[in-house]
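Sharing a sequence plus its predicted fold:
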Amino acid sequence: MTLPTPTTLLLEQAQGVLYITLNRPDSRNAMSLAMVEELRSVLRTSAADASIRTLVLRGAGGHFCAGGDIKDMAGARARAQTDGEDAYRHLNRAFGALLEEAQNVPQVLVAVLEGAVLGGGFGLACVSDIAIAQDNAKFGLPETSLGVIPAQIAPFVVKRIGLTQTRRLALTAARFDGAEALRLGLVHFSEADEAALEQRLQQVLEQVRQCAPGANAATKALLLATENEALNTLLDQAAGLFAAAVVGEEGVEGTVAFMQKRKPGWAV
């Protein structure tokens with residue numbers, strides 16, 4: 001499947017991994033509406049591509065993402081003269097749609113977090129399956145210090161780190177580093193330097209390669225469904241998924257590989 005050709009992103013595909021780099025380093029990769037739409041397009045395309053097993057999201061120029069683009073806000077302000085609040089609503093809601101789509105991609109989504117991880121960047125970190133930070137990364141929800149609110153980000157932050165910590169961070173606009181992000185459960189690893197960060201990323205990618213892609217996609221969907229589905233209904237659905245997996249291609253290959261004491265085909 002052919003991936004889009006974006007102007008605000010760098011794309012590289014290798015060994016089942018799609019590396020997506022936010023590429024607006026002059027603005028610390030601030031999230032413009034154009035970047036939002038391009039990233040959504042890439043996610044939709046890659047979701048349908050069985051050859052892609054992992055997505056790695058990071059930023060160019062030493063920063064992940066410094067939040068929303070102020071120029072887009074100014075443009076929305078100009079449009080608001082004729083469109084009213086709808087101009088702001090469209091801009092804001094588009095980012096929420098991106099977060100939903102990023103959270104639900106069937107592939108494993110890995111976020112590599114360096115430099116600024118603020119506002120919208122913070123939200124993207126919260127929808128990743130695996131988050132790897134550098135110790136000196138700077139996290140924060142600065143919206144209230146700018147007189148606005150973390151409207152689309154808030155639900156995802158609450159799901160990630162809990163209501164009480166989200167209240168503290170959102171209502172103080174406090175900044176914190178990778179070590180604190182690890183303590184809060186926002187990230188899974190915080191590494192001392194760039195070399196350690198890259199080593200951890202390669203370790204995570206190798207671990208993902210050991211897992212069957214179809215089983216991973218089904219497991220991810222099942223885990224996300226625990227937030228909304230009633231337990232009895234979810235367990236019934238899970239039993240059906242398990243039965244299908246056991247007799248499916250991956251289940252058969254995994255069982256045979258275990259009996260033959262070899263790696264399954266997806267891990268070779």
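Yep, it's here.

contacts, neighbours, all on C-alpha from now
OK.

what about the helix or strand that Ala131 is a member of, distance to the chain center?
In the assignment (DSSP states H and E), Ala131 maps to strand 130-134. Averaging C-alpha positions (C-alpha atoms, centre = their mean, to the nearest Å) puts strand 130-134 11 Å from its chain's average.

strand partners of that strand, parallel vs antiparallel please.
Counting by DSSP bridges, the strands paired with strand 130-134 are strand 108-113 (parallel), strand 189-191 (parallel).

which of the ones you listed sits most buried?
Neighbour counts (mean count of other C-alpha atoms under 10 Å) averaged over each of these peak at strand 108-113, with a mean of 25.

about what we covered before: which among the strands paired with strand 130-134 is found nearest to Ala47?
Ranking the strands paired with strand 130-134 by proximity to Ala47 (C-alpha to C-alpha) places strand 108-113 first, at 10.4 Å.

Tell me which residues are up against the helix or strand hosting Leu224.
Assessed by DSSP H and E, Leu224 sits inside helix 213-225. Residues outside helix 213-225 that contact it (C-alpha atoms under 8 Å, 6 or more residues apart in numbering) are Arg53, Asn104, Pro106, Gln107, Val108, Leu234, Ala238, Leu241, Ala245, Glu250, Trp266.

Verify the stated contact: Leu22 with Pro6.
No. Using C-alpha atoms under 8 Å, Leu22 makes no contact with Pro6, being 10.3 Å away.

higher neighbour count, the two?
The neighbour count for Leu22 versus Pro6, taken as other C-alpha atoms under 10 Å, is higher for Leu22 (25 against 16).

which residues touch that one?
Here Leu22 is in contact with Thr8, Leu9, Leu10, Asn29, Met35, Leu57, Arg58, Gly59, Ala60, Phe64, Cys65 (C-alpha under 8 Å, 6+ apart).

Then Leu109?
Counting by C-alpha under 8 Å, 6+ apart, Leu109 has contacts Thr54, Leu55, Val56, Leu57, Ala102, Gln103, Ser128, Asp129, Ile130.

Adding distance to Ser46 and mean pLDDT, write the strands paired with strand 130-134 out as CSV.
Shown next, in CSV, are the strands paired with strand 130-134 (distance: least, C-alpha to C-alpha, whole Å; pLDDT from 0 to 100):
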stretch, distance to Ser46, mean pLDDT
strand 108-113, 11, 98
strand 189-191, 26, 98
